[in-house]
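Enquirer: build the 3D model from these lines:
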Amino acid sequence: MVSPAVLATAAVTVVFLLAQRYFSLPVLPNEPLLIPHWMPFFGHAFRFARSKRSFFRWANAKTGGQPFSVPMGGRRHYIFSDPADIAGIHKNGKTLSIRGFVRFIYISIWGFRPADADAMWEIKPEWHRMDLEWLLSDKNDQIAVHYLHRIEEQLRVLDAEVEGAPDKAIVRPGLKTVVDVQGKATCQVLYGATTLEKHPELLDDLTTMVRDGFWGLLFRAPRFLFRNAYEARDRIINTYADLVENIETRKDVSQYLYERTVYLTQQGINPQAQGADMLRTMFASLLNSMPTGYLALLHILAEPGLADEVREELLACGYLERSPEEMLEILPAKMPLLRSIWHETLRMHNNSLTVREVTADTKFTGKNTWQVQKGGVINIPCGLMHFNEALHPDPDSFHARRFMDKDLGGEGESHARTTKPFGGGSTHCPGRVFAEKQMIGLVAALLMRYDMQIVNADWKMPLVSEFDDITKQPTVWVRISRRV
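Expert: Got it, this is the predicted structure:
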């Protein structure tokens, strides 16, 4: 007689094999190679959640750098990283769509109600046009000049802290210093100083939301499991809803946000939904540029002599003689070393992922001709391109001059062709130009004003610039004193 244990084992095995067969997807000709997984439905999801960068580099190594696909959450995810393939994907916006992913993020992360998320999408062409007008045209200079003025105000606050110290020097967490200076300056520029005065914990709430609950929010976990993150998000949305309701009396809000708010109100978008949208713009304007500015600063301080070389570049282009209004004559165009550091920091640490949903079986041409099937998800992890040795020699090392022209003593690599930290196609981040001015403006101001040294000997450079990850890394302490 067969024992109950054997029967139970056989039954579990049969169920497992049936489940695996049920969740297995057919393979099309010219479809990227599938890396199978023994776990039905979930596939590689848990390994992916532990570390996107490690997972993609592991899978990429298994396939020799070729496009590949992996089962995750019952869907096939296609992974592409070659520039030619990426260009082909961006040309097929009708069947390789961003809309489903955007709706998911709007509801999960930003806290939109589904109907409000759909309403925002329907009027996207106009508000996106306004974003492009203010962030990619000459109007961007108005925002940038205001930002440089606000940076100066925040540095005067830091000056007072330094001057009040017994030995005229302070030791501060490096990331907190960047958040205090760049974060406050950016919020004041876009949303008005009054908003920060009325809600001084705004940046702390953003940190809490992302650090303590980003993944919980993303997967819509029960509120009681991530109470701090949900409540922090609610406070941010309510802060901005209050701004929307009082927009005509907030004279210090940017003209860009004022015009945007007036338009959205005219279209029937309610204050809570606009508050969620301002959370989205706050996230976009800070949670790439702040960590990148912080990591660029760490690289500059860690490499012997690099801070002085940056200062020499700034002195040579007349940095000290220029007002904020005049600064854009040289920032960033006359700062090739700082620009190269910006792009190299993005290359090494940016961990962003461009996503497209496959809404119909699609054939497209890139480096090769590929087929992807309806229901799948295309992922473009910038890290695979950024660490491709064929594109970036010695990819695991920081090269401050990697993206400087060779005739200036650099290595001559092209960031425009071989890096994608801001996505591409119709969703190419419109804030990328301002982000560069944010980072370079911050780092230049700090280095010209202060002597700065990393004081903890056992510190480690964070691997990625995602804010939810970087806020959990060991604190890097920086000694700050005024330069003579």
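
Enquirer: in the strand or helix carrying L314, what's buried?
Expert: L314 is part of helix 306-316 when elements are defined by DSSP states H and E. Across helix 306-316, burial judged by 16 or more other Cβ atoms under 10 Å covers 306-307, 310-311, 313-314. All C-beta atoms are positioned from the backbone trio N, CA, C, and that covers glycine.

Enquirer: and it, how far out from the chain's middle?
Expert: 28 Å (Cα atoms, centre = their mean, to the nearest Å).

Enquirer: list every C-alpha atom in that helix, with coordinates, as PDB.
Expert: Output of helix 306-316 as PDB, limited to C-alpha atoms (Å, rounded to 0.1, in the frame of the first residue of the first chain):
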ATOM      1  CA  LEU A 306      39.500  66.500  -7.800                       C
ATOM      2  CA  ALA A 307      37.800  69.200  -5.600                       C
ATOM      3  CA  ASP A 308      40.700  71.600  -6.300                       C
ATOM      4  CA  GLU A 309      40.500  70.800 -10.000                       C
ATOM      5  CA  VAL A 310      36.800  71.600 -10.000                       C
ATOM      6  CA  ARG A 311      37.500  74.900  -8.200                       C
ATOM      7  CA  GLU A 312      40.100  75.800 -10.700                       C
ATOM      8  CA  GLU A 313      37.600  75.300 -13.500                       C
ATOM      9  CA  LEU A 314      35.100  77.500 -11.700                       C
ATOM     10  CA  LEU A 315      37.600  80.200 -11.100                       C
ATOM     11  CA  ALA A 316      38.800  80.100 -14.800                       C
END
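
Enquirer: buried residues in the helix or strand just after it?
Expert: On the C-terminal side of helix 306-316, the closest following helix or strand by DSSP H and E is helix 324-327. Residues of helix 324-327 classed as buried by neighbour count (16+ other Cβ under 10 Å): 324, 327.

Enquirer: now stretch 130-145
Expert: Within stretch 130-145, the residues scored as buried using 16+ other Cβ under 10 Å are 130-131, 134-135, 140, 143-145.

Enquirer: and the average pLDDT for the helix holding L314 is what?
Expert: Helix 306-316 shows a mean pLDDT of 98.

Enquirer: give me the contact list for that helix.
Expert: 299-301, 320, 335-338, 341, 400, 443-444, 447-448, 452 (Cβ atoms under 8 Å, 6 or more residues apart in numbering).

Enquirer: one more pass at 10 Å, please.
Expert: By Cβ atoms under 10 Å, 6 or more residues apart in numbering, the surrounding residues in contact with helix 306-316 are 296-297, 299-301, 303, 319-321, 330-331, 334-338, 341, 398, 400-401, 440, 443-448, 451-453, 483.

Enquirer: which of the residues you listed fall in strands?
Expert: 451-453 (DSSP state E).

Enquirer: those residues into TSV, with extra columns for pLDDT, distance to A160 and neighbour count?
Expert: Output for the ones in strands among the contacts of helix 306-316, formatted as TSV (pLDDT from 0 to 100; distance: Cβ to Cβ, whole Å; neighbours: other Cβ atoms under 10 Å):
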residue	pLDDT	distance to A160	neighbour count
D451	98	17	13
M452	98	17	20
Q453	97	21	14
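
Enquirer: and of these, the nearest to L225?
Expert: M452 (39.4 Å; Cβ to Cβ).

Enquirer: measure that closest one to P173 for me?
Expert: Computed as Cβ to Cβ, to the nearest Å, the M452 to P173 distance reads 13 Å.

Enquirer: name the residues contacting each of these two.
Expert: Here M452 and P173 share the contacting residues V478, scored by Cβ under 10 Å, 6+ apart.
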